[in-house]
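K.L.:
Structure of the sequence below:
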Amino acid sequence: MDTLGNLAFLPGVPPEAENKTLFDSFYFQGKIEGKSPATSKKYDYVFSSFLKFTGNKALKEITPGNLKEYLYYLTEKNLSRSSIQTHFRVLKTFFGFLEREELLSHNPIKGIKEPKAPKHFPFYLNDEQVQKLLNSPNQRTYEGYRNYVMLLTFLDTGVRLSELAGLKLKDVNLACRSLQVTGKGDKMRTVYLGRKLTKSLQKWLQMRGYHPGEEAVFIDKTGERLKGMNIQTILKRTKRKAGITGIRCSPHSLRHTFATNYIRNGGDPFSLQQLLGHSDIKTVMIYVHMSGTALREAHAKFSPVDRMGG
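P.N.:
Numbers count the residues shown, from 1 in each chain. You can find the predicted model right below:
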């Protein structure tokens, strides 16, 4: 058994200190595995919520019943099914770690089924909305052309907001028509550019010019790097100017738009998985189902026999 575990179960150690020892062991392992700060923050939130619900009960005394009660409690709080899934997965990972390291004699979450995810499709923009969005920036100005190229980058590569904001000049390879992006967990991957984006990005880099000490691809007029919140604000203003209503228009919905169109245009889910930087193929399969829905709708609208009349 790990030394941390031996210390945790010394007689007289209060549950709070005992639990903290186990959490510290889990966090330490996460750092070794390269878990991101965002993941650690998510763990903190779930653990804090769970311990508050149990009244800071010692983890070695947690039962399957306690966990089921907690999941029911989250349901009663009207949390979304995906949020409840997040709580479940964090706790499953944590208790699984304690079991593997022999820090607990039993795994209370073993045998409890994960709550099913709701069947819903992500928000994405149709072709008309995409065109309105791209027509909105004034491409004759410095900021307008920059905003136009950022939109193209979202729509042609499917990168996340943090990935676009973090792009550096050294990450751009126009000759190979590719970008090197840093995703979740600091994992690097390559995404590819279409001809239109390659040409537009080349023009933007010429407009951008040289700014000593600043390597970011997307900057403002003063040469300062655009942060994620700046890009979100620009997108909101662009959506408003384009007159797009009734649908979310965020960096994430542009990512969904890319993925949906990639599958519709003949791309396969396995290559899409690599381009989006997902570790699980199941995550991208929803776009395949969305494509199937779109095909049914298209057939209903353009059925050759129905359109013959008579």
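K.L.:
quick one: S162 and M229 touch, right?
P.N.:
No: between S162 and M229 there is no contact under Cβ atoms under 8 Å: 11.2 Å. The C-beta positions use only the backbone N, C-alpha and C, and glycine is treated the same way.
K.L.:
which of these two has more neighbours?
P.N.:
S162 (16 against 10; other Cβ atoms under 10 Å).
K.L.:
Quick check: pLDDT value at that one.
P.N.:
pLDDT recorded at S162 is 93.
K.L.:
Is it correct that it falls within a helix?
P.N.:
Yes: counting by DSSP: H, G, I helix; E, B strand; the rest coil, S162 is found in a helix.
K.L.:
just use 46 as the starting number from now, easier for me
P.N.:
Okay, using 46 as the starting number, the last item reads as S207.
K.L.:
tell me the contacts of it?
P.N.:
Contacts for S207 (Cβ atoms under 8 Å, 6 or more residues apart in numbering) come out as G273.
K.L.:
V226 should be in a strand, yeah?
P.N.:
Yes: judged by three-state DSSP, V226 forms part of a strand.
K.L.:
burial count for it?
P.N.:
For V226, using other Cβ under 10 Å, the count is 21.
K.L.:
for K105, same thing?
P.N.:
Using other Cβ under 10 Å, the number of residues around K105 comes to 18.
K.L.:
now do T227
P.N.:
17.
K.L.:
you'd agree Y190 is up against Q251?
P.N.:
No: counting by Cβ under 8 Å, Y190 stays clear of Q251, with 10.4 Å between them.
K.L.:
When these two are compared, which one has more neighbours?
P.N.:
More crowded of Y190 and Q251, by other Cβ under 10 Å: Y190, with 18 against 8.
K.L.:
helices or strands up against the helix or strand harbouring that one?
P.N.:
Assigned by DSSP states H and E, Y190 belongs to helix 187-202. On a contact count with 3 or more Cβ pairs under 8 Å, 6 or more residues apart in numbering; DSSP states H and E, helix 187-202 meets helix 172-180, helix 206-210, strand 223-227, helix 240-253, helix 273-287, helix 296-309.
K.L.:
Return the distance of it from the chain's centre.
P.N.:
20 Å (Cα atoms, centre = their mean, to the nearest Å).
K.L.:
And that helix, what's buried?
P.N.:
190-202 (16 or more other Cβ atoms under 10 Å).
K.L.:
now the angle between helix 296-309 and that helix, please.
P.N.:
Here helix 187-202 points in a direction 50 degrees away from that of helix 296-309 (axes from the mean of the first three to the mean of the last three Cα atoms, to 10 degrees).
K.L.:
Using CSV, write out the CA atom coordinates for helix 187-202.
P.N.:
What follows is helix 187-202 as a C-alpha-only set of coordinates in CSV (Å, rounded to 0.1, in the frame of the first residue of the first chain):
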residue,chain,number,x,y,z
TYR,A,187,-7.2,46.1,-40.8
GLU,A,188,-9.5,44.8,-38.1
GLY,A,189,-12.3,43.8,-40.5
TYR,A,190,-9.9,41.6,-42.5
ARG,A,191,-8.4,40.1,-39.4
ASN,A,192,-11.9,39.2,-38.1
TYR,A,193,-12.8,37.7,-41.5
VAL,A,194,-9.7,35.5,-41.4
MET,A,195,-10.5,34.4,-37.8
LEU,A,196,-14.0,33.3,-38.9
LEU,A,197,-12.5,31.4,-41.8
THR,A,198,-10.1,29.7,-39.5
PHE,A,199,-12.8,28.6,-37.1
LEU,A,200,-15.0,27.3,-40.0
ASP,A,201,-12.3,25.6,-42.1
THR,A,202,-10.3,23.9,-39.3
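K.L.:
Quick one: work out the angle between that helix and helix 273-287.
P.N.:
Using the same axes, to 10 degrees: helix 187-202 against helix 273-287 is 100 degrees.
K.L.:
Show me what helix 187-202 is in contact with.
P.N.:
By Cβ under 8 Å, 6+ apart, the residues outside helix 187-202 that reach it are 175, 178-179, 182-184, 204, 209, 224, 226, 236-239, 241-242, 245-246, 248-249, 252-253, 263, 265-266, 276, 279-280, 283, 296, 299-300, 302-303, 320.
K.L.:
if we go to 7 Å?
P.N.:
With Cβ atoms under 7 Å, 6 or more residues apart in numbering as the test, helix 187-202 has contacts from 175, 178-179, 182-184, 204, 209, 224, 236, 238-239, 241-242, 245-246, 249, 252, 263, 266, 276, 279, 283, 296, 299-300, 302-303.
K.L.:
Thank you, goodbye.
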